[in-house]
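Enquirer: Okay, predicted coordinates and the sequence, questions at the end:
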Amino acid sequence: MQYSPDGRYSPDTTDTAGAVVGGPAPGRGAGPSAAGPGPGLSEGAAGLQPGFLASVFRDLGAAAGPDIPAPRAAGPDAADPGAWPEPGEGADEAVAAHGRAAALTHHRTLTVRADHDRLADLLRRAALPVSAMDFESQLRSYVPRPYPAGGQDADGLGAEPRWEDYAPPRPAAADEGPARHLLDSGYQRGLAQARLTHQRALREWRTKQAEAASSGEAEARRAHTEAEQARARAVREYNDTLEECRRAYRLAEPAAVESLIERALAAAETATQDLPVPCRAVFRPLTRTAVLDLDLPPLDLVPALTGYRLTPEGEILPVPRPAADRATDYLRLVARLALRALQAADAVDTDEILTGVVLNGWLRERGGAQALCLVSVDADRDALARTRLLPAAAPYEGQDGEEGDGVYADAERDEALVRLRQLGAAVTPDPYAYAGVEPAAAAGPTVPSADDLSANEFAYLVQELLTRGGLEGWSVRLRGPAGLVATGEGEPGTALPGRWVVWASRAGAPVAEEEIRTLAEAVREESADRGLRLTTGRFSDAALDLTGEESHQHIHLVDGEGVRELARTHLGLPLGTGV
């Protein structure tokens, strides 16, 4: 019998040659086969062989005798009969220790596999679609609950007995005259009996009413009625408050927008409540963008091992996973959590208040270390509308037995990661090396500066300022983290008449003279009338002097103070200086 590296044992040919009985095989008589090894069998094959079964039979009292050789010692010289240990407790203990080590190896491997299964289940649940938490879905309705007695009126005794329910029908002969029925003796007897029955029912009803009042039944019913009125009032007040929030949301008030988005984010976590990943939302009215800060799960959530193996010497060794596979599995989970948050924010915005969403995924390790951004997405409304944010199929496929423990799809083919990169997301190449990425936008300041805005936010801000200034037909030609180049046309008589080439950038080095000359060339190539160089910083003296020359008077300049003044004038909102 031999042990495999994964801790399992497999019987060799000698184990099946009658070792379990410790004597001749059934149906065989004494002879050469009983006295010695038969054809194809080594010496001692008919006795207990080394391994787990031998130790079991010894525990049951089967001791080695003259015709039962002792177990072979593990090692390279095990085939040498001279290397076999003498029968005794030492050899038995070695075999038992080896069996215990094999069982422990198997148990530890099962524990690792359970961790892999949990990760696979998290990947599946994190990709489940989220329900839209818009205002309509949050409205409540009031449904009255009847008093437990049921089938009775508010007093619990039914209505007071009416005579009309007891009066006998008039005889047909009564049609012959108005007083004919008074002479019908049968009708008169029925009428008298009906009156007695009605009086009896009326007395019983009044008696029960008095008993109910004295026993507290009326008080219980009044309490039930008051409780139902309170429920109806609470539902009405909640719906009224929700309508107020909806009006505030449509006015793009930050508190209302943030409250609705965070409700949607919390509802999206229902499928993975065992994996808390809080997400906070900040809304910027200046750019009508929601900035989401998502706390990512810890790195040790992804198993670092494939399992354990048992060496021939009896040592239990861990089998590590390739570092690339572990990093890919973590990013696969991060991608699903990020897409789920983006979908929740997009689905809840039924009134189209948001122009875009920025999401930053932060790794906050224990011990108070500074948070590290591992993923950042800057997506405008059009990009979110074009992208199906969560995979429609199962997020993983079982492929046990492949190299590298490939129970998940390859990173390049993982649909969640592909869709996240289609949104232009910046993703860390290796989270376990603590390689962070630059956040697309900062969510901290109450009044953001231009440097706090994402690339899409800055482009939206410039477009909104110039559009409200009269520049229509806006067309973006180039856009990047530093700024954008666009064209637009203004109607005659407006503040910006004619065709313009706009070059806008955020603060950095002062705008040099060479950039003004480059803009003038772009104006000629676009057959435009004027050029606008906008910066949130300042211009160099040489650039200012160049625009004063007659050849460059069609180039207009707007510095950081001018941008802030435009924001106050056209948007009614402040823009920070960034200092």
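Expert: Happy to help now that I have it.

Enquirer: Show me where the stretch 151-300 of the chain has its strands.
Expert: 279-284, 289-295 (DSSP state E, counting those that start in this stretch).

Enquirer: quick one: strands adjacent to the following helix or strand past the longest one?
Expert: Going down the chain from strand 289-295, the next helix or strand is strand 305-310, by DSSP states H and E. As defined by DSSP bridges, the strand partners of strand 305-310 come to strand 316-320 (antiparallel).

Enquirer: Show me which residues of the helix or strand following the partner strand are buried.
Expert: On the C-terminal side of strand 316-320, the closest following helix or strand by DSSP H and E is helix 323-348. Residues 325-348 are the ones in helix 323-348 that count as buried (16 or more other Cβ atoms under 10 Å). Any C-beta I mention is one placed from the backbone N, CA and C, and that applies to glycine too.

Enquirer: just stretch 528-536 next, same as before
Expert: Residues of stretch 528-536 classed as buried: 528, 530, 531, 532, 533, 534, 535, 536 (neighbour count, 16+ other Cβ under 10 Å).

Enquirer: Show me which of those is closest to residue 296.
Expert: The nearest member of the buried residues of stretch 528-536 to residue 296, counting by Cβ to Cβ, is residue 536 at 31.6 Å.

Enquirer: which ones are touching that closest one?
Expert: Shown in contact with residue 536 (Cβ atoms under 8 Å, 6 or more residues apart in numbering): 449, 450, 451, 505, 506, 507, 559, 560, 563, 578.

Enquirer: now, which of the buried residues of stretch 528-536 sits nearest residue 440?
Expert: residue 536 (17.2 Å).

Enquirer: what sits against the nearest residue to the closest one once chain neighbours are set aside?
Expert: In space, and not counting its chain neighbours, residue 536 is closest to residue 450: 3.9 Å by Cβ to Cβ, 6 or more residues apart in numbering. Contact analysis of residue 450 by Cβ under 8 Å, 6+ apart lists 458, 461, 506, 507, 536, 560, 563, 575, 576, 578.

Enquirer: how about 7 Å then?
Expert: Residues in contact with residue 450, defined by Cβ atoms under 7 Å, 6 or more residues apart in numbering, are 458, 506, 507, 536, 575, 578.

Enquirer: so which of the contacts of residue 536 is the most crowded?
Expert: Using other Cβ atoms under 10 Å as the neighbour test, these are led by residue 450, with 25 neighbours.

Enquirer: Can you pull the phi and psi angles for that one?
Expert: phi -60, psi -30 (degrees, to the nearest 10).

Enquirer: so how far is residue 469 from residue 342?
Expert: 32 Å (Cβ to Cβ, to the nearest Å).

Enquirer: Please read the previous query as pertaining to residue 202.
Expert: Distance from residue 202 to residue 469, by Cβ to Cβ: 85 Å.

Enquirer: What strand or helix carries residue 456?
Expert: Short version, using DSSP H and E: residue 456 is in helix 455-468.

Enquirer: Let me know the next secondary structure element after that helix.
Expert: Assigned by DSSP H and E, the successor of helix 455-468 is strand 471-480.

Enquirer: That following strand pairs with which strands, parallel or anti?
Expert: strand 483-490 (antiparallel).

Enquirer: Between helix 455-468 and the partner strand, find me the angle.
Expert: Calculated by axes from the mean of the first three to the mean of the last three Cα atoms, to 10 degrees, strand 483-490 forms an angle of 20 degrees with helix 455-468.

Enquirer: Can you list the buried residues in the helix or strand following strand 483-490?
Expert: As assigned by DSSP H and E, the chain's next helix or strand after strand 483-490 is strand 498-505. Along strand 498-505, the positions that meet the burial threshold by neighbour count (16+ other Cβ under 10 Å) are 499, 500, 501, 502, 503, 504, 505.

Enquirer: Using a markdown table, lay out those residues together with pLDDT and distance to residue 481.
Expert: What follows is those, written out as a markdown table (pLDDT from 0 to 100; distance: Cβ to Cβ, whole Å):
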| residue | pLDDT | distance to residue 481 |
| --- | --- | --- |
| 499 | 93 | 27 |
| 500 | 94 | 23 |
| 501 | 95 | 21 |
| 502 | 95 | 17 |
| 503 | 95 | 15 |
| 504 | 94 | 13 |
| 505 | 93 | 10 |
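
Enquirer: out of the residues you listed, who's nearest residue 266?
Expert: Closest approach between the buried residues of strand 498-505 and residue 266, by Cβ to Cβ: residue 504, at 37.5 Å.

Enquirer: got the contact list for that closest one?
Expert: Counting by Cβ under 7 Å, 6+ apart, the residues that residue 504 touches are 462, 483, 484, 534.

Enquirer: Can you name the residues bridging to it?
Expert: Beta-bridge pairing of residue 504 under DSSP bridges involves residue 484, residue 534.

Enquirer: residues contacting residue 290?
Expert: Taking Cβ under 7 Å, 6+ apart, one finds 261, 281, 283, 345, 354, 357 in contact with residue 290.

Enquirer: what's across from it in the sheet?
Expert: Taking DSSP bridges as the rule, residue 290 bridges to residue 283, residue 357.

Enquirer: gap between it and residue 552?
Expert: 41 Å.

Enquirer: try residue 447
Expert: With distances taken as Cβ to Cβ, residue 447 is found 35 Å from residue 552.

Enquirer: Residue 526 too?
Expert: Per Cβ to Cβ, residue 526 is found 16 Å from residue 552.
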